[in-house]
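Asker: I would like to see how this sequence folds:
(chains A and B)
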Amino acid sequence: MWKSITGRITLIAVLTAASIIILVPSLTDRVPAGWRDRVPKINLGLDLQGGVFLRLAVEIDKAIENTTMRYADDARAVCREKALPVLAFQKAGEGGFSLRFPPGDFASRAQATLKEEFPSLDVSLGEVNPDGATVIARMKPAEIQAIRTNAVVQGVETIRNRIDQFGVREPQIIAEGEDRIVVQLPGVKDQQRAIELVGKTALLEFKLVDEGASVEEALKGNLPEDDQLLYQKSVDPQTGRATKTPMVVKKRALLTGDTIKTAKVNFGNQAGGAHVSLSFDTRGAKVFDRVTAENVKRRLAIVLDDTIYSAPVIQERISGGEAQITGSFTPEEASDLAIVLRAGSLPAPVKVIQNVSIGPSLGLDSIQKGVRAALIGALLVVIFMGFYYKFAGMVADFALVFNILFLLAGMAAFSATLTLPGIAGIILAIGMAVDSNVLIFERIREEIRAKKSVRAAIDAGYDKAFWTVVDSHVTTLITAVILFQFGTGPIKGFAVSLSMGVAINLFTALVCTKVVFDYLNAKKPMQALSI
Amino acid sequence: MIELVKNTKIDFMGLKKYAFAFSAALVLLGIVGTVQIYRGNANLGIDLAGGTEIQLKFQKPFAMDRIRSLLAGAGHGEATLQEVSGENILMLKLRAGAKQDEKMIAEPVVNLLRKSLADNPFVVQSVSEIGPAIGHKLRSDAEMALLISALAIIVYLAWRFEFKFGVAAAIATFHDIFAIVGIFWALGIEMDLLFITALLTIGGYSLTDTVVVFDRIRENIRLRKKGTFSETINLSVNEVLSRTIVTSLTVFIAVVTLLIFGGIVLHNFALALAMGIVVGTYSSVFVASPVVAVWRGEKMTEVKR
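Answerer: Prediction:
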C-alpha cells in the first residue's frame, strides 16, 4: 500500500474538500447561484418528490384499423359519387378491405377509380362470379410501416408538447421498445388531470348530424350504414349530474383537428361558462368555409374522441376560419382541452398499463422517515463500534463519516437518482461499511494475542484481512450490479447507493483507518492499542 | 477487550445432524412456498401479480366495514384492506382478477369513496396500477436477476476457491433464499419487487460470512497439516466466530433501525433483510462448512487457490 503518510492525508483532504463542494448544493438551496448552478446534484426519485410515472401501450393495430376504416369510408363515398353500387363491404386483413359490386363492369371501373383517387392503396380485382365481382384494396406496406413508426415517435412528440404547455419541470417522455411510451412527471400535484392530459387521444372531428335517421331505431341497432351513434355528454353545473344524449351522425368527418392553427380558452358569453375558440389554418379555413356554406341550417357535431361536445346549427356560412367549442367545462377542463387541441391528437390511441402516482405529502414523509432511520442507524452503529473496539472503533467511525460523505458526493457527481429504497441502500451500506474494519480489527486482536508488537500486529491485520475484505465487497457488488440491470426505477436507486457505498468503503475502511494508525506509529511505535 | 464470545470450543461438526435436519425443513418449506407462488397461492405484491394499490390518508379515523361494503357494492369484494394504525391511513389493494382486463380502476374507486365518505375527507397519497402484462414482465425480470446472480456467484467462488467450496457456498446461499421465501409464504407476508431485491441482497451478503469461514479453513489446512478435516473446520469456525457474529450484528443493527423507523413502504423489505442476516449467519456456520466436509472427506489435502 501507499507508504507516504502525508501523501495519503493530502489525498483524503482533497477528496473531502471536493466532496463538500459538490455535495452542499444538493443539501441546501442557500448557496450562491454561481456555485449552485455549476455542480451536479442528487436527483430525487418520483417516490421521494412525488409525481406520476406512466407506462403507455400504443395501440398501433387500432391506428392501422382506424386509417383503414377511414379509407374504406372515403372509398365508398367515391363509389357513390360515380354511381358504382357497393353491395357489400368487408375488412380484409391488416390494412385492407373489400367491396362487392354487381355483375357487369362495375368492379373494373371501381378498381380504376380507386387506384386513381387513392395512390397509397394497392387495388386489385378479387373473386369474380355470376353474382358479381370483388375489389380488394390494401394499404401499401410502406404506408403501414409509416403508421407503425409514426404512432410511437409522433406520440412521444405530441405528449411532450402537451406536457410542456401544461407546465412540468423536467418531464421525461421516452419511447420504450416498439409500442410503449414511458412518461415521468416529477412534482406534478394534480395527478389525475395530468394522466388524462397525457392519455387523451384528442381526435377532433366535425361531423354532420343525420336528421333523417331515427335515434330510437339507432338505439335498437338499426343504423344507416354511413351513420354512427354517438353520445353527447353534458353536466348540469348546479346538480353536477351527468346526462348522455344519443345522436346519429354521419360517419365521415368533414374536417379534423389536424387543421387547427391555435386554440384558446375564452370565458363569458352564455351562462358564464368557459369555451374554447379555434382558428384553422388556410386549408382548414377553406374546407370549413365550404362545409358551412353547403350545410346551412343543418347541425354540425363537434366530436372529440367519439364524444359529442356540442352540435350547433350552422346559421350561416363561416368564412373567417374560426370556430368555438362550447360545453359545460370547468376552467381547468377548457384549458386542458385547448392544450390537447393545440398539441394535436395522438396518432394512435394509448392505454395506460402502468400508473404509479405518489402524492407530494407521501414523498416528503418518506424522505423524513428515511433520513431519520439513516441517522439513527448510523448513530447506533457508531456507538456500537466505539463501545466494542474502543479507540480502534472510533477510528472506524471516523472512516464511516468519510464513507457517507464520499458516497453522497459521488451520487451528486453522477447526478444519481435517490429513491426510498436508495435510502435503505445507504443504511445497509452503513452497516456493511464497518464490517471491513471488524474483520481487520479481529485479525489485529489475534496477532496481539500471538504476542506480536502493536505495530506489527496492525500491519499483519491489514495484510491478512485484505482478501477477505475484497471478497465480501465483490459478492455484494455482483448482486448490486445485477439488480441495477434488471431493476425498475426505485430498485435501481437501491443498487446505485449500495454498490457505490460498498465500493467507496474499500478506500475508506482500508486507507482512511490505516493512515491514522500509521500516523500514530510514525514517531514512536505504539506500546498499547485500545481495541 | 470486550468480546462477545471468547475462546469457544464448540463442536460444530458434531451438531451437523441437527443442523442438516433443521435446514432441510427450512428448505422444504421454501420449496413448497415457491411452488405455491407459481400456482398462484401466495400473497404477491401487485407489482408482480398486476393490480391496483391505493393509499389514502383520512382526516379522522374511519370504519373499515363501511369501506369494505362500499367496495363490495361496486364489485370489488375481493379487495384487501389494511389500516396503518394511529395514522388514519388506508391501504387498499385490488389484485388483477381472472378477468384480466387491463382497465384502470383507481380513479372510479377513489371517486366512489370520495363521494360516499364526504364527512371524512382524504388525500390520495399514492396510486399504483399495474396491468397484468407489465406484472408478468417485472416478474420474469426478477426471475432472470435471481438466476444470473446465482450463476455469477458460483463463477466467482469457483475462481476464488476450489469447486467444492464454491458449490457448498452456493448451497448455503440458496438455503438462505429458500428459507426466507418459505417463512414469508408461511406467514402470508406480501412478496413484491422489493422482497426480490432483499433476496438478492441477502444472497450477496450471506456469502460474505461464508467466505470469511472458508478463508480461515484454507489457511488452517495450510498451517496445521495434522488432524482431521472436521477438526480443522471446528477450529476455524471457532476462531472466526466472533467476527462472524459482530459483522452480522452491525448490519443487523442498521436493518432493524430501518424496520422500526423506515415507514410502511420499506417494512417488509427490512423484515426480509433482518431474517436473511440471521439465517445467513447460521448457514455459513452450520451449512456451508459441513457440506464441504461431507463432500470432501476427512483428508487434509491442501485447498487450491
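Asker: could you list the domains of chain A?
Answerer: Annotated domains of chain A cover A:5-50+A:360-523, A:61-142, A:200-357 [automatic domain parsing].
Asker: please list the residues of the stretch 1-150 of chain B that sit near chain A.
Answerer: B:1-2, B:47, B:55, B:57, B:102, B:104, B:106-107, B:123-131, B:133-134, B:138, B:141-142, B:144-145, B:148-149 (C-beta under 8 Å from any C-beta of the partner chain). Bear in mind the C-beta positions are built from the backbone N, C-alpha and C, glycine included.
Asker: so which of the residues you listed sit within strands?
Answerer: The strands, defined by DSSP state E, take in B:55, B:57, B:123-130 from the residues of the stretch 1-150 of chain B next to chain A.
Asker: which among the residues you listed end up buried?
Answerer: Among these, those classed as buried by neighbour count (16 or more other C-beta atoms under 10 Å in any protein chain shown) are B:55, B:57, B:124-130.
Asker: so which pair among these is furthest apart in space?
Answerer: B:Lys57 and B:Ile130 (21.7 Å; C-beta to C-beta).
Asker: what strand or helix carries A:Leu56?
Answerer: Using DSSP states H and E, A:Leu56 sits in strand A:51-58.
Asker: ditto for B:Arg218
Answerer: Assigned by DSSP H and E, B:Arg218 belongs to helix B:193-224.
Asker: list the buried residues of that helix.
Answerer: Neighbour-count burial for helix B:193-224, with 16+ other C-beta under 10 Å as criterion, is recorded at B:193-218, B:220-221.
Asker: hmm, who's touching the strand holding A:Leu56?
Answerer: Strand A:51-58 is contacted from outside by A:46, A:151-152, A:155, A:176, A:179-188, A:191, A:194-195, A:198-199, A:348-358, A:363, A:489, B:131, B:133-134, using C-beta atoms under 8 Å, 6 or more residues apart in numbering or on different chains.
Asker: and whichever helix or strand comes after it, what does it pack against?
Answerer: Following strand A:51-58 in sequence order, the next helix or strand is helix A:60-81 (DSSP H and E). Applying 3 or more C-beta pairs under 8 Å, 6 or more residues apart in numbering or on different chains; DSSP states H and E, we find helix A:60-81 packed against strand A:88-91, strand A:96-101, helix A:106-117, strand A:132-139, helix A:141-166.
Asker: for the residue in chain A that chain B sits nearest to, which residues are in contact?
Answerer: Nearest residue of chain A to chain B (C-beta to the nearest C-beta) works out as A:Gly431 at 3.0 Å. Going by C-beta under 8 Å, 6+ apart, A:Gly431 touches A:377, A:381, B:250-255.
Asker: in what helix or strand does it lie?
Answerer: Counting by DSSP H and E, A:Gly431 is found in helix A:420-449.
Asker: only the buried residues of that helix, if you could.
Answerer: Across helix A:420-449, burial judged by 16+ other C-beta under 10 Å covers A:420-448.
Asker: one more: stretch B:277-290?
Answerer: For stretch B:277-290, a neighbour-count test (16+ other C-beta under 10 Å) marks B:277, B:279-290 as buried.
Asker: ok, and does it reach over to chain A?
Answerer: No: using C-beta under 8 Å from any C-beta, stretch B:277-290 never reaches chain A; the gap is at least 9.0 Å.
Asker: can you list the low-confidence ranges for the stretch 151-300 of chain B?
Answerer: B:300 (pLDDT under 70).
Asker: now the helices for it?
Answerer: Ranges of helices in the stretch 151-300 of chain B, per DSSP state H, counting those that start in this stretch, are B:163-187, B:193-224, B:229-261, B:264-283, B:289-296.
Asker: kindly reformat these as CSV containing distance to A:Thr16.
Answerer: Putting the helices of the stretch 151-300 of chain B into CSV (distance: least, C-beta to C-beta, whole Å) gives the following:
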stretch, distance to A:Thr16
helix B:163-187, 37
helix B:193-224, 28
helix B:229-261, 24
helix B:264-283, 30
helix B:289-296, 42
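Asker: neighbour-wise, which one of the contacts of A:Gly431 leads?
Answerer: When neighbours are taken as other C-beta atoms under 10 Å in any protein chain shown, the top entry among those is B:Ala254 (31 neighbours).
Asker: list the contacts for that residue?
Answerer: With C-beta under 8 Å, 6+ apart, B:Ala254 has these contacts: A:377-378, A:380-381, A:427-428, A:430-431.
Asker: now A:Met500, what's its secondary structure?
Answerer: What DSSP: H, G, I helix; E, B strand; the rest coil gives for A:Met500 is helix.
Asker: now it: closest residue in space, sequence neighbours ignored.
Answerer: A:Gly410 (5.2 Å; C-beta to C-beta, 6 or more residues apart in numbering or on different chains).
Asker: next one: A:Ile325
Answerer: A:Ile325 sits nearest to A:Val276 (C-beta to C-beta, 6+ apart), 4.6 Å away.
Asker: same deal with B:Ala19?
Answerer: B:Phe286 (3.8 Å).
Asker: isn't the one you found right up against B:Leu15?
Answerer: Yes: under the criterion of C-beta atoms under 8 Å, B:Phe286 makes contact with B:Leu15 at 7.0 Å.
Asker: chain B contacts on the stretch 151-300 of chain A?
Answerer: Close to chain B, as judged by C-beta under 8 Å from any C-beta, the stretch 151-300 of chain A has residues A:191-192.
Asker: quick one: the strands in the stretch 151-300 of chain A?
Answerer: Assigned by DSSP state E, counting those that start in this stretch, the strands in the stretch 151-300 of chain A fall at A:172-176, A:180-186, A:204-208, A:227-235, A:242-250, A:255-256, A:260-266, A:274-280, A:300-304.
Asker: dump these to CSV, plus mean neighbour count and mean pLDDT.
Answerer: Shown next, in CSV, are the strands of the stretch 151-300 of chain A (neighbours: other C-beta atoms under 10 Å in any protein chain shown; pLDDT from 0 to 100):
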stretch, mean neighbour count, mean pLDDT
strand A:172-176, 15, 91
strand A:180-186, 21, 92
strand A:204-208, 22, 90
strand A:227-235, 17, 85
strand A:242-250, 16, 87
strand A:255-256, 20, 86
strand A:260-266, 16, 86
strand A:274-280, 20, 85
strand A:300-304, 23, 90
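Asker: output those in CSV; the columns should cover distance to B:Asn238.
Answerer: CSV is the format used below for these (distance: least, C-beta to C-beta, whole Å):
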stretch, distance to B:Asn238
strand A:172-176, 54
strand A:180-186, 53
strand A:204-208, 79
strand A:227-235, 78
strand A:242-250, 76
strand A:255-256, 82
strand A:260-266, 79
strand A:274-280, 80
strand A:300-304, 77
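Asker: can you give the contact residues for stretch A:121-128?
Answerer: Identification of contacts with stretch A:121-128 by C-beta under 8 Å, 6+ apart yields A:71, A:98, A:107-108, A:111, A:114-115, A:133-140.
Asker: re earlier: among the helices of the stretch 151-300 of chain B, which is nearest A:Ala495?
Answerer: Taking C-beta to C-beta, helix B:193-224 is the member of those nearest to A:Ala495, at 8.2 Å.
Asker: so what angle separates the directions of the closest one and helix B:229-261?
Answerer: Put simply, helix B:193-224 runs at 150 degrees to helix B:229-261, going by axes from the mean of the first three to the mean of the last three C-alpha atoms, to 10 degrees.
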